[in-house]
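[1] What follows is a predicted protein model with its sequence.
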Amino acid sequence: MTAPAPLFLIGFMATGKSTVGRRVADASGRRFVDLDDVIEARERAPVPELVVRDEAAFRVAEAAALAQVIDDAARDPRVVVATGGGAATWGDNLERMRAAGVVVALTADVATTRARAAKGPRRPLLERDDDAVRELMARRAPAYRRAHAGVATDDADAHEVAARVLAVVAAAERLGAARAGACLLALGERTYPVVVDDGPLDGAAVARHLPPGTTRVAVVTDSHVAPLWGDATLAALRGAGLDATLVAIPAGEASKTLATFERVCHALVDAGLDRRSAVVALGGGVVGDLAGYVAASLFRGVPVIQLPTTLVAMTDSAIGGKTGVDLGVAKNLIGAFWQPRAVLAHLPWLDTLPARERRAAFGELWKYALLDGEGTWTAVEALAAWGRGDAPADPGVLGAVIRRAAAYKAWIVGRDERETRGERALLNLGHTVGHAIESAAGWSRLHGECVALGLVAAARVSAALGLCEPTMEGRVAAALTATGLDAAVDPWLRDDVLAAIAVDKKRAGTRLGFVAVRDVGRCAVVDVEVAELRRILRSAEPL
C-alpha cells in the first residue's frame with residue numbers, strides 16, 4: 001500500500017482550486033486547507049485588501065503561510081491545499097510543494113476564469129482588460145507547467161475534475177521516491193508518469209506499471225541499441241519475474257514501414273505473446289513509434305511501456321501516445337493514438353548516444369525552448385557545449401532540461417490528447433518544413449536536424465507574416481549553431497521540399513495550420529494557404 005502524499009493545487013485565478021479541492025478532500029477522506037484562509041488568519045486582513053495594499057509584501061506573507069501548511073502536512077499528509085494564483089510563481093514555493101507532496105495545476109482559458117470570477121469574491125488582478133489578463137496568464141504558465149501534472153477544467157464539472165485529480169494523485173503516490181524526477185500526463189484512468197532517472201533500469205519499476213497478472217513481455221529495439229542495452233534490459237525484466245524476449249529491427253527511419261510492422265507482429269506471436277502480454281519499446285523515435293503501433297494493433301491492443309534511449313525520444317516522441325509508420329515519402333501517415341503505461345528515461349542510456357544523434361536532439365530541445373519560454377531557453381543554452389561535444393553534460397542540468405521538455409509535452413497532451421482543441425498542434429513547431437526536408441532527403445538526415453532547419457523556416461515565415469520581429473530568425477539560427485546544428489535552410493528550399501509540404505498531415509484543402517513564432521514562449525497556430533507558404537519560402541531572403 002502506497003503512503004499518502006499531501007496534494008497542492010496550483011493554477012491561475014478562478015480555475016476551480018478551492019471548489020475542486022473540497023471535492024477531492026471529501027472523496028478521499030482528507031482535510032481541506034485554503035491557503036488564503038491561513039493567510040487571512042495570520043495577517044488579520046482579507047487577501048484582496050493585502051494584494052491591493054502591497055503585492056510584494058503579500059507574497060512574503062503567502063510564502064510564510066505556505067511554510068506553515070507544509071510543516072503541518074509533514075505531520076498529517078492526508079491534506080488537500082488550494083493555493084492562490086500567484087503562489088507557485090514566487091520564490092521557491094513550487095519547489096517546496098513538489099518536495100513535500102503532489103502538485104497539480106488546474107487550467108482554464110481567460111473566458112472561463114472571467115465567468116467564474118464574476119460569481120465569486122473580488123480578485124483585483126482579474127479586473128484588468130483581457131489582454132492584460134492573458135499576458136499575466138502567459139507569464140505564469142511556465143511555473144504552472146512545473147507541477148507534477150496539469151488538469152484542464154474548462155470542459156468538465158467539479159466532480160469530473162476531482163476524479164481526474166485523484167487519478168493523478170494515485171499515479172504519483174505509486175511512484176514513491178521516483179516522484180521527485182517525474183511529471184505525469186493526466187488522462188484520467190490512463191494517467192501515466194514520465195520519469196527521468198540518473199540510475200540503471202529497475203525491472204521492478206517496469207513491472208509496477210503493467211496490469212496485474214502480466215508475465216510475458218517483448219522488448220522491441222533496433223540493431224544499434226540491442227548490443228548496447230538489450231541484454232541488460234532483458235536481465236532487469238527477468239529479474240522482476242517477467243518472461244522477456246527481444247525483437248530487434250534494423251536501425252533507421254527506413255524500418256518504419258508496414259512491412260516491418262508486420263514482421264514484428266509475426267515475431268511477437270511466434271514468441272508466445274497473447275492479450276495479457278505487453279510490449280516494451282527500447283530505443284529512439286523509430287522504435288517507439290513502431291513498437292507503439294504494434295502494441296495498439298496486436299490482439300486489438302496490449303499495454304506498452306516506453307524506454308527511450310535517445311534525447312529526442314526522452315523529450316518528445318515517447319510521450320503522448322502518437323504511434324505509426326511512414327507511407328512512401330510522407331511521415332506517420334498510418335498510425336494510432338495509443339498511450340503508454342509509463343515512460344521511463346534513464347540518463348546513462350545517453351552515454352552511448354552517437355555525437356550526431358546528440359546534436360540532432362537539440363532541434364527538438366530548441367523547439368521546446370521556443371514554446372515554453374526564456375527559462376527553458378536559458379536551460380538549453382547551458383547544454384550547448386555538451387551538444388557540440390566540447391564538454392560532458394552535468395547530469396543535473398541535463399535531467400532538468402529533459403524534465404522541462406517532457407513536462408511541456410505532457411501539459412499540452414493532457415489538455416488536447418487527439419488534437420481536437422488545436423493546442424497539441426503547437427508541438428509541430430518546425431515540423432512542417434522539417435518533415436518535408438526529412439522525406440525529400442530520403443531519411444539521410446536525422447529528424448532533429450530537419451526540425452532545426454524547420455525552426456529557422458518557421459521564424460522566417462512568421463516574420464514575413466508580420467507576427468514576430470525580423471531578428472527572430474537570427475536568434476534561432478545562432479542558438480542552433482551554438483549547439484552544433486546546421487541552420488542553413490536556404491539550400492533545402494527546393495521544389496521537391498516545397499512540394500512535400502502539400503502532403504503535410506495538418507493540411508485541410510488548400511490551407512495548412514502552421515505553427516508560427518511570435519516570441520520566445522509565445523507561439524501560435526495560424527491558418528496559411530499552402531501556396532502562400534510555399535511562395536514565402538521560395539522568395540524570402542534570410543532576415
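    Looks like it arrived, so ask away.

[2] isn't Ser297 right up against Cys265?
    Yes: Ser297 lies in contact with Cys265 (CB atoms under 8 Å); the separation is 7.2 Å. Glycine gets a C-beta too; all of them are placed from N, C-alpha and C.

[3] how long is stretch 183-196 end to end?
    Counting by CA to CA, to the nearest Å, you get 9 Å between the two ends of stretch 183-196.

[4] Remind me which helix or strand the spatially most central residue of the chain belongs to.
    Centroid-nearest residue in the chain: Lys409, 1.9 Å away (criterion: CA atoms, centre = their mean). Taking DSSP states H and E as the definition, one finds Lys409 inside helix 395-415.

[5] Keeping just the C-alphas, turn that helix into CSV.
    Extracted in CSV, the C-alpha atoms of helix 395-415 (Å, rounded to 0.1, in the frame of the first residue of the first chain):
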residue,chain,number,x,y,z
PRO,A,395,23.5,15.2,-15.1
GLY,A,396,21.5,17.7,-13.0
VAL,A,397,21.3,20.2,-15.9
LEU,A,398,20.6,17.6,-18.5
GLY,A,399,17.9,15.9,-16.4
ALA,A,400,16.3,19.3,-15.7
VAL,A,401,16.1,20.2,-19.4
ILE,A,402,14.6,16.8,-20.2
ARG,A,403,12.0,17.2,-17.5
ARG,A,404,11.1,20.7,-18.7
ALA,A,405,10.5,19.4,-22.3
ALA,A,406,8.7,16.4,-21.1
ALA,A,407,6.5,18.5,-18.8
TYR,A,408,5.6,20.8,-21.6
LYS,A,409,4.5,18.0,-23.8
ALA,A,410,2.6,16.2,-21.0
TRP,A,411,0.9,19.5,-20.2
ILE,A,412,-0.3,20.0,-23.8
VAL,A,413,-1.3,16.4,-24.5
GLY,A,414,-3.2,16.3,-21.2
ARG,A,415,-5.3,19.2,-22.5
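
[6] Report the buried residues of that helix.
    For helix 395-415, burial by neighbour count (16 or more other CB atoms under 10 Å) applies to 398-415.

[7] Where does pLDDT dip in the stretch 201-350 of the chain?
    For the stretch 201-350 of the chain, residues meeting the criterion pLDDT under 70 lie at 329.

[8] for it, what spans make up the strands?
    With DSSP state E, counting those that start in this stretch as the criterion, the stretch 201-350 of the chain has strands at 216-222, 243-249, 278-283, 304-308, 322-327, 330-337, 342-346.

[9] Ala63 and Leu175, how far apart?
    Distance of Ala63 to Leu175, given as CB to CB, to the nearest Å: 27 Å.

[10] of the two, who's got more company?
    Counted by other CB atoms under 10 Å, Ala63 and Leu175 do not tie: Leu175 has more neighbours, with 22 against 17.

[11] Each with direction, which strands does whatever helix or strand Ala516 lives in pair with?
    When elements are assigned from DSSP H and E, Ala516 belongs to strand 511-519. Using DSSP bridges, the strands paired with strand 511-519 are strand 507-508 (antiparallel), strand 522-529 (antiparallel).

[12] what is the rounded mean pLDDT of the longest one?
    When the per-residue pLDDT values of strand 522-529 are averaged, the result is 94.

[13] Now do the buried residues in that strand.
    Neighbour-count burial for strand 522-529, counted by 16+ other CB under 10 Å, picks out 523, 525, 528.
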